[in-house]
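Visitor: pasted the sequence and its predicted model underneath.
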Amino acid sequence: SLQNDQQIERISRFQQYLRINTAHPSPDYSSAVNFLTNFSLSIPSLQYQILHFASNKPVLIFTWPGSDSTLPSILLNSHLDSVPAEPSKWVHPPFSAHYSSDGKIFARGAQDDKCIGVQYLEAIKSLELEKDFWPLRTVHVSFVPEEEIGGFDGMAKFANSEEFKKLNIGFVLDEGQASPGDEYRVFYADRSPWHLVIKAVGMPGHGSRMYDNSAMENLMKSMEVITKFREVQFDLVKCGLAANSEVISVNPVFLNAGIPSPTGFVMNMQPSEAAAGFDVRLPPTVDPDALRRRIAEEWAPAWRNMSFDITEKGALRDHMGRPLMTPTNDSNPWWSVFEQAVAVAGGKLAKPEILSSTTDARFMRERGLPTFGFSPMKNIPILLHDHNEFLVDTVYLEGIKVYESIIKSLSSFTGSSSSSSSS
Ligand SMILES: CSCC[C@H](NC=O)C(=O)O
Ligand SMILES: [Zn+2]
Ligand SMILES: [Zn+2]
């Protein structure tokens, strides 16, 4: 249970943000921006600007000016949007931010990632007003739209803008993931998503005929080959040789074939076309050309009347051709600053990981910026995109303390940050 007024106030502020429905397909960005800018009025030196790289898709940037504006700044990023929720599958309505007697706050976005957005601001407020702390480096806090649908009208455009360049960013923190254990998790890379569609054509014919080279047969042969590949990758995970995020995942997401009829599909015709779609995720360490060759030779070979289309939803290399990985060793001075700051706040970090899914962090790493994924949530189940997503009050409040320590350390770091390298 909560100790004091400040804690109660902080939780109710978090609830207010959670009650704004920024779920796709029609996120209410303007209410979220209003809420955040309103809150920021209580932090006297915090300034803000609102940018638009697509209409009705605001990018909100707060700036906490440091005393040395020549030093590269710190960026703390979160996204405004969330994935949809199916209210009938939830014990409490997903935008009610129901606060249960055992301290859970239920809402879509509670973990992913509205917590970190308000925590950043709460931490800055506390540093400025209670601890009379002033940063050396400027700290920017960004709230971007569209992350959940790929970030293309959000961070992708923002990170490539003149406005972004002007922020003179040297180091970035973005969202991470909850930890069921006692250690916080930190992510130094994301997997890169490909949307793969394979198509088969083949001989049409009567549903009763047996012949080679029908479209369905050709597609099903590919499905077998791909399923085998998937099994081999998954076996590496199951026997403990690799983490989930360290292998290539390939999961079927649609199948499309058949000749429609008023009652469903025509049953006595073998179709001449069939297609399947896959969500493919590549760790930054793999050779994309090798996978492309495998797809061309084994998964969708032209000799089996197959073709394919790959839509890359993110780069695998930065502008220098280096894999999109932020070093977690001495070659990256920010790493130890970050690690120590978490320790000072009483937190422990688990071994740095690659994230299974994909975040906006990739757009910053693409620009060569050292970027970690971090959400200070521990001893809590991983509920992002799940029904009944919740965060616990004490975990949320502890997270603010952790960010206070991190922001203090990062913004005071006097060392050379010229290593905006990413390898
Ligand atoms: C095509 S990029 C999609 C980004 C999305 N991010 C969060 O879930 C994801 O599927 O990982
Ligand atoms: Zn997220
Ligand atoms: Zn998400």
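Guide: Done, it's in. Ligands and ions are numbered 1, 2, ... in the order given.

Visitor: what is the neighbour count of the closest residue to residue 265 other than its chain neighbours?
Guide: Nearest non-adjacent residue to residue 265, counting by C-beta to C-beta, 6 or more residues apart in numbering: residue 258, 4.0 Å away. Any C-beta I mention is one placed from the backbone N, CA and C, and that applies to glycine too. Other residues within reach of residue 258, judged by other C-beta atoms under 10 Å, total 16.

Visitor: relative to ligand 2, how far out is residue 258?
Guide: 36 Å (C-beta to the ion, to the nearest Å).

Visitor: if I look at that residue, how far off is ligand 1?
Guide: Taking C-beta to the nearest ligand atom, to the nearest Å as the measure, residue 258 falls 28 Å from ligand 1.

Visitor: next, the buried residues of the helix ranked longest in the chain.
Guide: In the chain, assigned by DSSP state H, the helix with the most residues is helix 215-238. Of all the residues in helix 215-238, those buried under the rule 16 or more other C-beta atoms under 10 Å are 215-219, 222-223, 225-226, 229-230, 233.

Visitor: can you check stretch 378-389 too?
Guide: Neighbour counts using 16+ other C-beta under 10 Å place 378, 380, 383-384, 388-389 of stretch 378-389 among the buried residues.

Visitor: out of those, who's nearest ligand 2?
Guide: residue 384 (6.6 Å; C-beta to the ion).

Visitor: who touches the closest one in this structure?
Guide: Counting by C-beta atoms under 8 Å, 6 or more residues apart in numbering, residue 384 touches 111-112, 177-178.

Visitor: look up phi and psi at it.
Guide: Taking degrees, to the nearest 10, you get phi -60, psi 130 for the backbone angles of residue 384.

Visitor: which bits of the protein sit near ligand 1?
Guide: 148, 150, 193, 313, 357-358 (C-beta under 6 Å from any ligand atom).

Visitor: flag the shaky bits of the stretch 51-200 of the chain, pLDDT-wise.
Guide: Nowhere does the stretch 51-200 of the chain drop to pLDDT under 70.

Visitor: would you list every one of the strands in it?
Guide: 58-64, 73-79, 98-99, 104-106, 139-144, 169-174, 187-190, 192-201 (DSSP state E, counting those that start in this stretch).

Visitor: in TSV: those, plus distance to ligand 2 and mean neighbour count.
Guide: Shown next, in TSV, are the strands of the stretch 51-200 of the chain (distance: least, C-beta to the ion, whole Å; neighbours: other C-beta atoms under 10 Å):
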stretch	distance to ligand 2	mean neighbour count
strand 58-64	16	22
strand 73-79	6	26
strand 98-99	21	18
strand 104-106	17	21
strand 139-144	11	26
strand 169-174	9	26
strand 187-190	11	25
strand 192-201	14	21
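
Visitor: please name the nearest non-neighbouring residue to the residue in the stretch 151-300 of the chain that ligand 2 sits nearest to.
Guide: Across the stretch 151-300 of the chain, the shortest distance to ligand 2 (C-beta to the ion) belongs to residue 175, at 4.8 Å. In this structure, residue 175 finds its nearest non-sequential neighbour in residue 113, 4.1 Å apart by C-beta to C-beta, 6+ apart.

Visitor: list the contacts for that neighbour?
Guide: Contacts of residue 113 (C-beta under 8 Å, 6+ apart): 78-79, 175, 375.

Visitor: ok, residue 359 next?
Guide: Residues near residue 359 by C-beta under 8 Å, 6+ apart: 147, 151, 174-175, 190, 373.

Visitor: of the residues you listed, just say which sits nearest to residue 28.
Guide: Nearest to residue 28 out of those is residue 147 (C-beta to C-beta; 15.6 Å).

Visitor: got the angle between the longest helix of the chain and strand 192-201?
Guide: Helix 215-238 runs at 150 degrees relative to strand 192-201, counting by axes from the mean of the first three to the mean of the last three C-alpha atoms, to 10 degrees.

Visitor: grab the CA positions of helix 215-238 and hand them over as CSV.
Guide: The C-alpha coordinates for helix 215-238 follow below in CSV (Å, rounded to 0.1, in the frame of the first residue of the first chain):
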residue,chain,number,x,y,z
ALA,A,215,-0.3,-24.4,-57.1
MET,A,216,-1.4,-25.9,-53.8
GLU,A,217,1.0,-28.7,-54.0
ASN,A,218,3.8,-26.3,-54.8
LEU,A,219,2.9,-24.0,-51.9
MET,A,220,2.6,-26.9,-49.5
LYS,A,221,6.0,-28.2,-50.4
SER,A,222,7.4,-24.8,-49.5
MET,A,223,5.4,-24.8,-46.2
GLU,A,224,7.1,-28.1,-45.3
VAL,A,225,10.6,-26.7,-46.0
ILE,A,226,10.0,-23.5,-44.1
THR,A,227,8.4,-25.5,-41.2
LYS,A,228,11.6,-27.6,-41.0
PHE,A,229,13.8,-24.5,-40.9
ARG,A,230,11.6,-23.0,-38.2
GLU,A,231,11.9,-26.2,-36.2
VAL,A,232,15.7,-26.2,-36.4
GLN,A,233,15.9,-22.6,-35.2
PHE,A,234,13.4,-23.3,-32.4
ASP,A,235,15.4,-26.4,-31.4
LEU,A,236,18.4,-24.2,-30.7
VAL,A,237,16.2,-22.3,-28.3
LYS,A,238,14.6,-25.3,-26.7
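
Visitor: mind giving me the packing neighbours of the following helix or strand past it?
Guide: Note on helix 215-238: by DSSP states H and E, the next helix or strand toward the C-terminus is strand 249-257. Strand 249-257 makes packing contacts with helix 215-238, strand 273-282 when contacts are defined by 3 or more C-beta pairs under 8 Å, 6 or more residues apart in numbering; DSSP states H and E.

Visitor: what residues sit buried inside stretch 29-46?
Guide: Result for stretch 29-46 [16+ other C-beta under 10 Å]: buried residues 29, 32-33, 35-36, 39-40, 43, 46.

Visitor: check these and tell me the two furthest apart.
Guide: Pairwise over the buried residues of stretch 29-46, using C-beta to C-beta, the maximum falls at 29 and 43, 21.4 Å.

Visitor: which residues of the stretch 151-300 of the chain lie near ligand 2?
Guide: Residues of the stretch 151-300 of the chain lying close to ligand 2 (C-beta under 5 Å from the ion) are residue 175.

Visitor: need the helices and strands packed on strand 249-257 in CSV with mean pLDDT, can you?
Guide: Converted to CSV, these look like this (pLDDT from 0 to 100):
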stretch, mean pLDDT
helix 215-238, 98
strand 273-282, 98
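
Visitor: got these as JSON lines, with distance to residue 337 columns?
Guide: Below are those laid out as JSON lines (distance: least, C-beta to C-beta, whole Å):
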{"stretch": "helix 215-238", "distance to residue 337": "32"}
{"stretch": "strand 273-282", "distance to residue 337": "30"}
